[in-house]
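Undergrad: Predicted model and sequence below, questions to follow.
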Number of protein chains: 2
Amino acid sequence: MNDDKMMKEAIKQALKAKEIDEVPIGCVIVKDGKIISRAYNKREKMNQSIAHAEILAIQKACRKLDSWRLDECDLFVTLEPCPMCAGAIIQSRIKRVVFGAYDSKGGSVETCTKLFDVKEYNHHPEYIGGILEPQCSQLLKDFFKEKRKKSKQIK
Amino acid sequence: MNDDKMMKEAIKQALKAKEIDEVPIGCVIVKDGKIISRAYNKREKMNQSIAHAEILAIQKACRKLDSWRLDECDLFVTLEPCPMCAGAIIQSRIKRVVFGAYDSKGGSVETCTKLFDVKEYNHHPEYIGGILEPQCSQLLKDFFKEKRKKSKQIK
């Protein structure tokens, strides 16, 4: 129930990405039941390969807590993290990760690889996927459908 | 031969990290035979979990080229990339990765996982490890030895 509530906040962030024509992915980081950081994908706007929602949210949370350790924090994101973001979550010692849609092309928590389960790594976040999956997934489908439509119109 | 030359430049960066008491890891990014970005680990100094040498070098290179695509670039780093940095390399479409020491606890190119070989991902950088391995590895060993010595003195 609380996972749903926080995922709705992540979806709000994804909608902000959509507004500026970025792939709609949003993220919030929660500590002691309160949101301490919100971010959305800005790869194109910032022209930075690392500017995924999770990375930007982690940077903000580190600044807010003045610590690189986010070990009492949970992260909510609308799409299954890619290897970079899953790795950043491990590096930040985030306690628990909740994601919405699964990603067959880059998902690195459950789908393509299971980075949180690699025994050699020094941190293993808890995780659950598929929270508000239909909404999170639909946002992405609509975005790419619109893109293809525009691209056909140009041709 | 050219790999050795560029790795020496990465080692120079690692030494800068050591000077400010950070784990000595350094990185350079090369395009058309020229270094376009240099960086070293600043996790503690910046209090940012993502402030690894590779991430900081990728950020600089993206700014320099005004592009999130670094597809004509090679990356040289003194330690085998962790999952976050290997993922950032994939996201940046970096062409080739050269690393020095192997990392039994986090190395995600050859040792713990082989992220550049995951067939579902949309980019697969070329890679080679073990370039100037003794020097890169010794830097880290000396750093941690010194840390343990200081820690014993305090006790």
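TA: Looks like it arrived, so ask away.

Undergrad: and the residue most central in space within chain A, helix, strand or coil?
TA: Among the residues of chain A, the one closest to the centroid is residue A:77, at 3.4 Å (Cα atoms, centre = their mean). Put simply, residue A:77 is strand when judged by DSSP: H, G, I helix; E, B strand; the rest coil.

Undergrad: and the gap between it and residue A:33?
TA: Distance, residue A:77 to residue A:33, by Cβ to Cβ, to the nearest Å: 18 Å. (C-beta placed from N, C-alpha, C; glycine too.)

Undergrad: ok, stretch A:115-135 near chain B or not?
TA: Yes. Under the criterion of Cβ under 8 Å from any Cβ of the partner chain, chain B is reached by stretch A:115-135 at A:115, A:118, A:120-122.

Undergrad: Before we move on, what's the pLDDT of the nearest residue to residue A:117 once chain neighbours are set aside?
TA: Leaving aside its sequence neighbours, residue A:117 sits nearest to residue A:124 (Cβ to Cβ, 6 or more residues apart in numbering or on different chains; 6.8 Å). pLDDT for residue A:124: 98.

Undergrad: Show the backbone phi and psi for residue A:124.
TA: Note on residue A:124: backbone dihedrals following degrees, to the nearest 10 are phi -130, psi 90.

Undergrad: thinking again about what came up before, so which of the residues of stretch A:115-135 next to chain B is the most crowded?
TA: When neighbours are counted by other Cβ atoms under 10 Å in any protein chain shown, residue A:115 leads the residues of stretch A:115-135 next to chain B with 29 neighbours.

Undergrad: Read off the pLDDT value for the closest residue to that residue other than its chain neighbours.
TA: Counting by Cβ to Cβ, 6+ apart, residue A:86 is the residue found nearest to residue A:115 once chain neighbours are left out, at 4.3 Å. Per-residue confidence (pLDDT) for residue A:86: 98.

Undergrad: which residues sit in contact with residue A:76?
TA: A:3, A:6-7, A:9-10, A:27-30, A:97-99, A:131 (Cβ atoms under 8 Å, 6 or more residues apart in numbering or on different chains).
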